[in-house]
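S.K.: model this:
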Amino acid sequence: MRIETICTGDELLTGLTSDTNSRFFQEALLDRTGLTVRRGVVVGDDRADIIEALQQAVSRADVVLVSGGLGPTSDDLTAECAAAAAGVPLVQSDTALRHIEERFKARGIVLSENNRRQAQVPQGAEVVLNQEGSAPMFIQRFPAGALSTPLGMNGGCLVFFVPGVPREYRHLVGLHVVPRIAALKGSPEVRKLALLKTTGLPESHLDERVAPLAVKYPKVLFGFRTHPPENHLKLLATGATEAETSALLEQVVNEARAVLGPTCFGRDAETLPGVVLARLEARKEFLALAESCTGGMIAEQLTASPGASKSFYGGAATYLDEAKTQWLGVPEGLIAQFGAVSSECAEAMAKNVREHTGVQWSLSTTGWAGPSGGDAENPVGTVYIGIAGPDGVKVVKHRFHGDRERVRSFASTTALDLLRKRLEGESS
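M.R.: Numbering: from 1, shown residues only. The predicted model follows:
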């Protein structure tokens, strides 16, 4: 089955908005069907370009997912372009209009005429109501031979049109699009996916470590995804039955984790902050932070996980030297002698915040995130990470490369991973 995507919107082409929707679809598709997207196209808010992209896609593909351009404004052109590409008129969906009217009434908002436009769909399209928004999803079949002959399905090309708002997109794609594609697949072959997540291991090294396993298990597809500061290993197992495939996948996962060792922190939906919090909660222990160059980024990552309060005490973004002295009790003389970016300062920060809060664990960061600052001994990208726990205080020096945000991101991840390894009994 050949699957393609079309994303519409000038904001995607100008870089004002990042396309996170396509990744969600690709991951859900692979996870739940074992299928992959063959081609993805991004077009601006231009009628001719959208129509051309649709005509080309349906001439090649069995399934096309089109996102964006279903809003109420004048630059939302997807519905009329879909109708034009199929050679049918736009018609009003009474079901969609009632949904829009009820949604606006419930929110006490006056329904404008341009919002009514969202109930317009190509004639013959199937309408699926959007419980997360006003614009409906609609499904349109381009019959074989209408434009040219699609590859694969004799019934032509099935095109799903969904809103581009991420919340609405994920709801509709997860609940309606992917299940329908799975039903169309109709293959007796069972596929199952696992994702192993690593940090501190370059992608090339990850590939090298698991290469022997790829040869050993020909029924498992090994793939790689760079998601800085992490690198992920995708394992797609194929078998005749659910039990056979699950057993094969688990066997490969276990062997891969053994090969990857402590660099592998989690699987599938697990996140590094979530893993750290779970380890702390299991031990009934708490973590406090003293952040300088990361400026609260570690705290933000931790609190993004539900239930973080069960094991995260809190943190201080002690950016200025005065904050380190007044809030953490780092001696002025220490900073004067060694500097704020130093092993001595990182050690004092971690040690003092742990003592002040009375928690079991603390992390500290201090360094030069750039683009200015640094010296010969500690150039831009240098970060000292301190960890204090029941077994004492340790400071690790790192040199991260890249721009300011990359340095801060890598420093935050490295600090959390340092704690994870310590909680799991690793000495590194």
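S.K.: any low-confidence regions in the protein?
M.R.: Applying pLDDT under 70 to the chain picks out residues 144-155, 187-188, 427-428.
S.K.: how does it divide into domains?
M.R.: 3-185, 190-267, 272-423 (automatic domain parsing).
S.K.: run the chain-centre distance for the shortest one.
M.R.: What it means is domain 190-267. Here domain 190-267 is found 18 Å from its chain centre; the criterion is Cα atoms, centre = their mean, to the nearest Å.
S.K.: try stretch 362-379
M.R.: Distance, stretch centre to chain centre, for stretch 362-379: 28 Å (Cα atoms, centre = their mean).
S.K.: cool, and stretch 129-143?
M.R.: Relative to its chain's centre, stretch 129-143 lies at 24 Å (Cα atoms, centre = their mean).
S.K.: can you list the buried residues in that stretch?
M.R.: Going by neighbour count (16 or more other Cβ atoms under 10 Å), the buried part of stretch 129-143 is 129, 130, 133, 134, 135, 136, 137, 138, 139, 140, 141, 142. To be clear about C-beta, it is placed using only N, CA and C from the backbone, and glycine gets the same treatment.
S.K.: just send those residues back as TSV, with secondary structure too.
M.R.: Below are the buried residues of stretch 129-143 laid out as TSV (DSSP: H, G, I helix; E, B strand; the rest coil):
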residue	secondary structure
129	coil
130	coil
133	coil
134	coil
135	coil
136	coil
137	strand
138	strand
139	strand
140	strand
141	strand
142	strand
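S.K.: which of the residues you listed sits closest to residue 95?
M.R.: Nearest to residue 95, judged by Cβ to Cβ, of the buried residues of stretch 129-143 is residue 129 at 7.0 Å.
S.K.: the closest one is in contact with residue 136, isn't it?
M.R.: Yes: at 5.5 Å, residue 129 counts as touching residue 136 under the criterion of Cβ atoms under 8 Å.
S.K.: any shared contact partners between the two?
M.R.: Taking Cβ atoms under 8 Å, 6 or more residues apart in numbering as the criterion, residue 129 and residue 136 both touch 95, 96, 99.
S.K.: most neighbours among those residues, please name it.
M.R.: Neighbour counts for the shared contacts of residue 129 and residue 136 (other Cβ atoms under 10 Å) peak at residue 96, which has 23 neighbours.
S.K.: residue contacts, that residue?
M.R.: Contacts of residue 96 (Cβ under 8 Å, 6+ apart): 118, 119, 121, 127, 129, 136.
S.K.: could you do residue 365 as well?
M.R.: 290-294, 298, 346, 383-386, 411-412, 415.
S.K.: quick check: closest non-adjacent residue to residue 131.
M.R.: residue 171 (6.6 Å; Cβ to Cβ, 6 or more residues apart in numbering).
S.K.: and residue 283, by the same measure?
M.R.: When the adjacent residues along the chain are set aside, residue 283 lies closest to residue 423, with 7.0 Å between them (Cβ to Cβ, 6+ apart).
S.K.: from residue 310, how far off is the one you found?
M.R.: For residue 423, the distance to residue 310 equals 15 Å [Cβ to Cβ, to the nearest Å].
S.K.: who has more neighbours out of the two?
M.R.: A count of neighbours by other Cβ under 10 Å puts residue 423 above the other of residue 423 and residue 310, at 20 against 13.
S.K.: who touches stretch 106-126?
M.R.: For stretch 106-126, the surrounding residues in contact (Cβ under 8 Å, 6+ apart) are 70-74, 76, 79-80, 82-83, 86, 88-94, 96-97, 100-101, 104-105, 127, 134-136, 138-140, 161.
S.K.: that older thread, CSV for the contacts of residue 96, including distance to residue 368?
M.R.: Shown next, in CSV, are the contacts of residue 96 (distance: Cβ to Cβ, whole Å):
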residue, distance to residue 368
118, 50
119, 56
121, 56
127, 56
129, 53
136, 52
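S.K.: what is the neighbour count of residue 398?
M.R.: With other Cβ under 10 Å as criterion, residue 398 counts 17.
S.K.: excluding its backbone neighbours, what's nearest it?
M.R.: The shortest distance from residue 398 to any non-neighbouring residue, by Cβ to Cβ, 6+ apart, is to residue 383 (5.1 Å).
S.K.: ranges for the helices of the stretch 101-250 of the chain?
M.R.: Along the stretch 101-250 of the chain, the segments classed as helices by DSSP state H, counting those that start in this stretch run 113-116, 166-172, 178-185, 203-216, 242-260.
S.K.: which of the ones you listed is buried the deepest?
M.R.: Comparing the helices of the stretch 101-250 of the chain by mean neighbour count (mean count of other Cβ atoms under 10 Å), helix 166-172 comes out on top with a mean of 19.
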